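# model the structure of this input:
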Amino acid sequence: SHLQAAGLVETRHGIGTFVLEQQPANLRISSDTIRTIGDVLAILELRISLETEAAWLAATRRSDEQVKEMGVVLKRIQDSQTRPGSVESDVKFHLLIAQATGNRYFVDILSDLGNTIIPRARVNSAQLAHDDPAVYLERVNREHDDIYNAILRQDAEAARAAMRTHLSNSRERLRRAQEGIAAKTE
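Sure, this is the predicted structure:
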């Protein structure tokens, strides 16, 4: 019973007890666990602490090839805003920043989070915040440009600030939307 409680064995009624294959330790964060706006807000809080430092490190450690690839992906984001590919490109942009840190753990964490790192992949952020979708996407584009340009200039403090602004703005939009929804249900 102790082994079963520890998740090391599984008992099947009428068949027997079987040793379970050990799963590698991971964050146990998946799209299945992110169900509410509150969950998306919690992921944004995690990302703020993680990605602001990743942007700082990326600005100091990035290679010319990495910054070139970021520019290509940023262009793809801006060109595909109304198509589903923009979410994948947005994820790729943030992963490229993590890769430019030279620290595999930034990449591992963001990779584990996958598309959940992009709020609009989970909820319609523009609609919830009562923003015009074009205005919303233009703002996100400017924020991405600010991050990219700071990394391009190798200005670590500006990269950190731009990433904090980008993620904090996303959090604030969702927080306001969550308050609006709560007010309607009261």
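# buried sites along the strand or helix carrying residue 99?
Assigned by DSSP states H and E, residue 99 belongs to helix 85-100. By 16 or more other Cβ atoms under 10 Å, the buried positions in helix 85-100 come out as 86-100. C-beta here means a position set from N, CA and C on the backbone, and glycine is covered the same way.
# the helices in the protein, which residues?
Counting by DSSP state H, one finds helices in the chain at the ranges 2-5, 37-61, 64-79, 85-100, 104-113, 119-122, 125-128, 133-153, 156-185.
# need those in a markdown table (columns: mean pLDDT and distance to residue 11).
As requested, the helices of the chain are arranged in a markdown table below (pLDDT from 0 to 100; distance: least, Cβ to Cβ, whole Å):
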| stretch | mean pLDDT | distance to residue 11 |
| --- | --- | --- |
| helix 2-5 | 78 | 6 |
| helix 37-61 | 92 | 33 |
| helix 64-79 | 94 | 49 |
| helix 85-100 | 89 | 40 |
| helix 104-113 | 88 | 30 |
| helix 119-122 | 56 | 37 |
| helix 125-128 | 54 | 45 |
| helix 133-153 | 91 | 50 |
| helix 156-185 | 88 | 42 |
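# gap between the closest residue to residue 76 other than its chain neighbours and residue 156?
Distance criterion Cβ to Cβ, 6 or more residues apart in numbering; nearest residue to residue 76, sequence neighbours excluded, is residue 89 at 4.5 Å. Look at residue 89 and residue 156: by Cβ to Cβ, to the nearest Å, they are 24 Å apart.
# how close does the residue nearest to residue 76 get to residue 135?
With distances taken as Cβ to Cβ, residue 89 is found 20 Å from residue 135.
# same thing with residue 154?
Counting by Cβ to Cβ, the gap between residue 154 and residue 135 amounts to 31 Å.
# neighbour count for those two, which is higher?
residue 154 (14 against 10; other Cβ atoms under 10 Å).
# can you pull the contacts of the more buried one?
Neighbouring residues of residue 154 by Cβ atoms under 8 Å, 6 or more residues apart in numbering: 59, 60, 62.
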